[in-house]
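> here is my input; please provide its structure:
(chains A, B, C and D)
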Number of protein chains: 2
Amino acid sequence: MSRPPSYDRETALEKAVGLFWHKGYHGSSMKQVEQALDMRPGSIYAAFGSKDELFSEALARYTKEAGEDLASHMAGYASVIEGLQSFLQKIARDCSASEQAPARACMIVKTLLEANNTHGALYAQANSVLSAIEDAFTALLEKAQRQGELTPRTDCRRLARLLQGQLMGLRSMAERNLSATELEQLGQDMSAVLERYRAEN
Amino acid sequence: MSRPPSYDRETALEKAVGLFWHKGYHGSSMKQVEQALDMRPGSIYAAFGSKDELFSEALARYTKEAGEDLASHMAGYASVIEGLQSFLQKIARDCSASEQAPARACMIVKTLLEANNTHGALYAQANSVLSAIEDAFTALLEKAQRQGELTPRTDCRRLARLLQGQLMGLRSMAERNLSATELEQLGQDMSAVLERYRAEN
DNA sequence: TTCTTTTTATGGCGGCCACTCAAAAAAAAC
DNA sequence: GTTTTTTTTGAGTGGCCGCCATAAAAAGAA
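As a prediction, the model looks like this:
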C-alpha cells in the first residue's frame, strides 16, 4: 500500500544507544543524532517523537541488552556466587579491552548522574531501572542462599545493593586512565568481597 | 587608585561549585551561572575568563575542599583503617541527610563521566585529580601498613584503587532514591571490606 | 498509468547558547 | 571638584539548539 521505510528502526535505535552512551544526553546534539542514525530530521521525529523519547527508548534498550547479557552469563554457572564473581571480572576485562564499546561506564549510571537536577523524567527512568536491577540481583542471591552458597543470615537485598554499588564503582573507575592489569585487579578484588558472605561449608 | 570589585572572588567561586556540582557542565548555562553568582556577564568573564576556566577552577576548589575534609577526618584517628572505615560511613550519613549539598555523587566522578568523549580538557583534569586521590589513599594505607594494621603482603596501591572504587560506587548509589537506612548499611558493608586486609594480630 | 502513502531533502522557525563591548557608574587620588 | 582607573552593566553578537513545514521523490496498489 505504501512506501516502506528505508531505515530499520531497530538498527537506528542501536546506533542511538551508541551515540547517547558515548556522549550523554546533553552532550549529543540532534545534528549528531542525524549523522549517527543516517536519518534526516523528519524521519527521526516521525519514528521517535523527540530527542527525549529517543533517549528514553535508547536507555530502555541498553537496559534490556544489559539484562540479557547478565542472564546469559549466569546461565553458564551452577554456582550463583561464582557466576557473579566471574561476571565482575568479565566486566573488568571487557572494559579494559581496546576501545570498542561506546563508553566504559554504565549508561544508566551516566544518565542517573547527568539527569538528576536537570531532567526529571530521565532521572526517574534511570532510577527505576536501577531498582529493577537491584531486584534481579536480590533474586539471584536468594537463589544462592537457597542453594546453600550464602550464610542463612545474609540479607540478600542488602548484599544486592553492595554488589550494585561495586559494579557502579568498577565501571566508573574504568573511565579513568588505568591499565588493563589494574582494572582486572580491581575486578578481582571486588569479586573477592563476595567471599565474606559465603556459607562456611 | 581604582575602584575595588564589589564581589568576593572566593565567594563567587564557591557558588560556582554549588551550581556545577548540582547540574554538571552541560547542564549549567551561563544564564544560570550569572544568577547563581549574582554577577553580570562582563564581570564573570573578567574574573574567570570563560565557562570552561570557571568550571575548571570550581572543580579544583571542590577537590581541595574534599582533600581537606579527608585530612581533617583522618586527623581524629590513630588507626588509619578505622579512620577510613568511619570515613566511608560518614559519607553515607552525609549523603543520606536531608538535602543540603548540591548533589550526592562526587563532582569529580560526575565530571569524569560527563566530560569523557565530550570535553577533553575537563576529562583530563578529572583524571589527574583522581590519580592524586589514589596517591593520597595509597600513602594512608602505606602508613597503616607501617603501623602494623595491614598484612605485610597487602598491595597498598591496589587496595587504594579498591577503596576509591567503593567510594565512587557509594556516592553514585546515593543519587538513587534509597532510604537513609539503606545507604548507611551500604556504607557499613563497604567499610567492612577493609577488614579482609587487616593484619591478624 | 494513476492514486496513496511515506520518506526524503531542505530551509527556516523562535529561542537559547557562550560570549563581547561600549558606555555608565563608582571609588580612590589629587 | 576633577581626574583617573576600574567595575558594572545589559543590550547585542553570530551561531547552534531542538524542532517543524513543505514539497519533491519513491515505491507499492489499483
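
> low-confidence stretches in chain A?
Scanning chain A for pLDDT under 70 picks out the ranges A:1-7, A:98, A:201.

> in it, which spans are helices?
A:9-23, A:30-37, A:41-48, A:51-74, A:80-96, A:107-115, A:120-146, A:156-173, A:180-192 (DSSP state H).

> want to throw the ones you listed into a markdown table with distance to residue B:106 and mean neighbour count?
For every residue, glycine as well, the C-beta is placed using N, CA and C. Putting the helices of chain A into a markdown table (distance: least, Cβ to Cβ, whole Å; neighbours: other Cβ atoms under 10 Å in any protein chain shown) gives the following:
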| stretch | distance to residue B:106 | mean neighbour count |
| --- | --- | --- |
| helix A:9-23 | 21 | 19 |
| helix A:30-37 | 28 | 16 |
| helix A:41-48 | 33 | 15 |
| helix A:51-74 | 22 | 17 |
| helix A:80-96 | 19 | 19 |
| helix A:107-115 | 9 | 26 |
| helix A:120-146 | 17 | 18 |
| helix A:156-173 | 9 | 25 |
| helix A:180-192 | 17 | 20 |
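
> can you say which of those helices is nearest to residue B:71?
Across the helices of chain A, the minimum distance to residue B:71, taken as Cβ to Cβ, is reached by helix A:156-173, at 22.5 Å.

> can I get that closest one in CSV? Just the C-alpha atoms.
Taking only C-alpha atoms (Å, rounded to 0.1, in the frame of the first residue of the first chain), the coordinates of helix A:156-173 have been written out as CSV:
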residue,chain,number,x,y,z
CYS,A,156,20.2,-10.7,50.2
ARG,A,157,18.7,-7.3,49.2
ARG,A,158,21.3,-5.5,51.2
LEU,A,159,24.0,-7.6,49.6
ALA,A,160,22.5,-6.9,46.2
ARG,A,161,22.9,-3.2,46.8
LEU,A,162,26.5,-3.7,47.8
LEU,A,163,27.0,-5.7,44.6
GLN,A,164,25.4,-2.9,42.6
GLY,A,165,27.5,-0.3,44.2
GLN,A,166,30.6,-2.3,43.4
LEU,A,167,29.6,-2.6,39.8
MET,A,168,29.0,1.1,39.6
GLY,A,169,32.4,1.8,41.1
LEU,A,170,34.1,-0.6,38.9
ARG,A,171,32.7,0.8,35.7
SER,A,172,33.2,4.3,36.8
MET,A,173,36.9,3.5,37.6
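
> chain center to it: distance?
Mean C-alpha position of helix A:156-173 versus that of the full chain (Cα atoms, centre = their mean, to the nearest Å) differs by 12 Å.

> possible to save the helices of chain A as CSV with distance to residue B:188?
Listed next are the helices of chain A as CSV, based on distance: least, Cβ to Cβ, whole Å:
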stretch, distance to residue B:188
helix A:9-23, 33
helix A:30-37, 43
helix A:41-48, 44
helix A:51-74, 26
helix A:80-96, 20
helix A:107-115, 22
helix A:120-146, 17
helix A:156-173, 9
helix A:180-192, 17
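
> how about those helices, which one is nearest DNA strand C?
helix A:41-48 (3.2 Å; Cβ to the nearest atom of the strand).

> give me the residues contacting that closest one.
A:5, A:7, A:9, A:12, A:16, A:30, A:33-34, A:37, A:39, A:54, A:57 (Cβ atoms under 8 Å, 6 or more residues apart in numbering or on different chains).

> again with stretch A:113-125
Taking Cβ under 8 Å, 6+ apart as the rule, stretch A:113-125 contacts A:24-26, A:52, A:55-56, A:59-60, A:111-112, A:126, B:22-24, B:26-27, B:103, B:105, B:109-110, B:113-114, B:172, B:175.

> now do 7 Å
A:24-26, A:52, A:55-56, A:59, A:111-112, A:126, B:22-24, B:27, B:103, B:105, B:110, B:113-114, B:172, B:175 (Cβ atoms under 7 Å, 6 or more residues apart in numbering or on different chains).

> coming back round to it: nearest to residue B:185, of the helices of chain A?
Among those, helix A:156-173 comes nearest to residue B:185, with 5.4 Å by Cβ to Cβ.

> what's the angle from the closest one to helix A:120-146?
120 degrees (axes from the mean of the first three to the mean of the last three Cα atoms, to 10 degrees).
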